[in-house]
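In: model the following, please.
(2 chains)
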Number of protein chains: 2
Amino acid sequence: MTYCVGIHVHDGLVFAADSRTNAGIDHVSTYSKLHSFIWPRERVFVLLSAGNLATTQGVVKRLHQDCAQDGPNLRSVATLTEAADYIGQVSSELQRQQMARDTSSTSFEASFILGGQIAGQPTELFMIYPQGNCIHESQSHPFLQIGEIKYGKPILDRVIGRETSLETAARCALVSLNSTIRSNLTVGAPIDLMILPRDALDGGYRLHLTEDDPFYRDLGERWNEGLMAALDHLPHFFWEDRNSG
Amino acid sequence: MTYCVGIHVHDGLVFAADSRTNAGIDHVSTYSKLHSFIWPRERVFVLLSAGNLATTQGVVKRLHQDCAQDGPNLRSVATLTEAADYIGQVSSELQRQQMARDTSSTSFEASFILGGQIAGQPTELFMIYPQGNCIHESQSHPFLQIGEIKYGKPILDRVIGRETSLETAARCALVSLNSTIRSNLTVGAPIDLMILPRDALDGGYRLHLTEDDPFYRDLGERWNEGLMAALDHLPHFFWEDRNSG
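Out: Next comes the predicted model:
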């Protein structure tokens, strides 16, 4: 399994992904699921991937190959929407090729989150479904998730709005990943984090956080302490004060 | 869908359940999923139910009927384990009867959490699978969940241990329910909460919390504030202090 989240706030975009892949419990491995395509000052795309690893790797490879050729590619698309449609086409084409060859009932499905900016245009964020179509994030909850999304959703639901700062959104994404990793064995560190400030049109900030990384460890510990403090400040049941009084 | 959680700490047992049921989006209703069977000073059982509503209602009805008759019933079982086995048998029997009549491919499955105490014996907690077999909670994570379990699991994973106080465990259960309700439409208030102090062998404390209940509302608001404070105290990224310095 996998867990990836993309957040679109007023100041820019945040992307975070775990790196565990597994095909059965005997085939657990580590692959980056965060892929960036950067042409400084021109255009920058970040792609998060979940699903069949052969499909997602095939898609990323094709995106790179296409850039060196005529025809649609990430360098030539006029808008982010066009980029999402193009990636959706590549993805469903690869899935169809695999299914045509398949003799078992393997799922070749893959989902993606695409975000980025083209010079002179706004930042945008999309989720690309296995079927190749796409949606953008909602105005009231400006984030998108793929993979094992449920464990890490409550904190995003409570915190993330358009006006959230980039760094708060990034910390919130890390907490969301951290909670998922603690509760589900199929999602695992290291975590890839990428922050694209609006209009920077460069590689932004990129962190690769292992479980032993002092910053990531500190974040996990302080979050635990914060939750305990929050729990301590919840209202008492009516009998507690009676009993203690 | 449904979300129920049972917690077994040293000082006793905590049970919490939402009350939304839905069979398709046009059939949303409210039913209590927390059922108690209390013989003061003798024995007390609490049953949480998830799954097919006809099955779970049928099981609860049978448990009450059986108490008035010879043969195994909650009054006659010698241990909590025997009670869990008996409920598992009733549940799979009812499911088999339904399946024999069924012409569609409806799922009649139901899961239960059973907890309680018989005089002179320890408190115990079990999850009863649709297949009728059961497990008890783990030593390191002494809680069990049924239904839509993922949204509310991280907070339990982080907080609950054997030494957690009954009231902290109950507040944690409410937060776990509150997070699930915010993130998933198929889980909804009112919340039924029941707390059985060890060796009390009575009805303990039982709360029925609507969305407008002042205590529940206060709890939700204070939890939000606590999370924001926890987020504010997370470590800064290296460039934040540089930028501000």
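In: just the helices in chain A please.
Out: A:53-67, A:80-101, A:153-159, A:166-183, A:214-232, A:238-244 (DSSP state H).
In: just give the nearest non-adjacent residue to residue A:239, would you?
Out: Closest residue in space to residue A:239, ignoring its immediate chain neighbours: residue B:205 at 6.5 Å, by Cβ to Cβ, 6 or more residues apart in numbering or on different chains. C-beta here means a position set from N, CA and C on the backbone, and glycine is covered the same way.
In: contact partners for the one you found?
Out: A:237, A:239, B:193, B:194, B:195 (Cβ atoms under 8 Å, 6 or more residues apart in numbering or on different chains).
In: so what's residue A:238 up against?
Out: residue B:215.
In: and the pLDDT at the residue nearest to residue A:188 when sequence neighbours are not counted?
Out: In space, and not counting its chain neighbours, residue A:188 is closest to residue A:20: 3.5 Å by Cβ to Cβ, 6+ apart. In this model, residue A:20 is scored at 89, pLDDT.
In: what about residue A:20, how many residues nearby?
Out: Residue A:20 has 21 neighbours, counted by other Cβ atoms under 10 Å in any protein chain shown.
In: so who does it touch?
Out: Residues near residue A:20 by Cβ under 8 Å, 6+ apart: A:1, A:2, A:28, A:29, A:30, A:186, A:187, A:188, A:189.
In: quick one: low-confidence ranges for chain A?
Out: Within chain A, the ranges that satisfy pLDDT under 70 run A:243-245.
In: let's see it at 80
Out: A:22-27, A:242-245 (pLDDT under 80).
In: hang on, the earlier thing: the residue nearest to residue A:239 and residue B:193: what is the separation?
Out: 8 Å (Cβ to Cβ, to the nearest Å).
In: go on, residue A:110?
Out: From residue A:110 across to residue B:193, the span is 42 Å (Cβ to Cβ).
In: compare the contacts of residue A:20 and tell me which is most surrounded.
Out: Counting by other Cβ under 10 Å, top hit in those: residue A:2 with 27 neighbours.
In: was I right to think that one contacts residue A:152?
Out: No - the pair residue A:2 / residue A:152 is not scored as a contact, 11.9 Å apart, by Cβ atoms under 8 Å.
In: about what we covered before: list buried residues within the contacts of residue B:205.
Out: A:237, B:193, B:194, B:195 (16 or more other Cβ atoms under 10 Å in any protein chain shown).
In: any chance of those residues in a markdown table, with distance to residue A:57 too?
Out: A markdown table is the format used below for these (distance: Cβ to Cβ, whole Å):
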| residue | distance to residue A:57 |
| --- | --- |
| A:237 | 53 |
| B:193 | 48 |
| B:194 | 50 |
| B:195 | 51 |
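In: which of those lies closest to residue B:161?
Out: The shortest approach to residue B:161 among those belongs to residue B:195, at 17.2 Å (Cβ to Cβ).
In: for that closest one, give its distance to residue B:203.
Out: With distances taken as Cβ to Cβ, residue B:195 is found 10 Å from residue B:203.
In: got the contact list for residue A:203?
Out: A:36, A:38, A:40, A:44.
In: what of residue A:79?
Out: A:118, A:121.
In: I'd guessed residue A:132 sits against residue A:89; true?
Out: Yes - the criterion here is Cβ under 8 Å, and residue A:132 meets it with residue A:89 at 5.9 Å.
In: of the two, which one has the most company?
Out: Between residue A:132 and residue A:89, counting by other Cβ under 10 Å, residue A:132 is the more crowded of the two (18 against 13).
In: next, the contact list for the more buried one, please.
Out: Neighbouring residues of residue A:132 by Cβ under 8 Å, 6+ apart: A:88, A:89, A:91, A:92.
In: and the gap between the third one and residue A:47?
Out: From residue A:91 over to residue A:47 the distance is 11 Å, taken as Cβ to Cβ.
In: then the last one?
Out: Distance of residue A:92 to residue A:47, computed by Cβ to Cβ: 16 Å.
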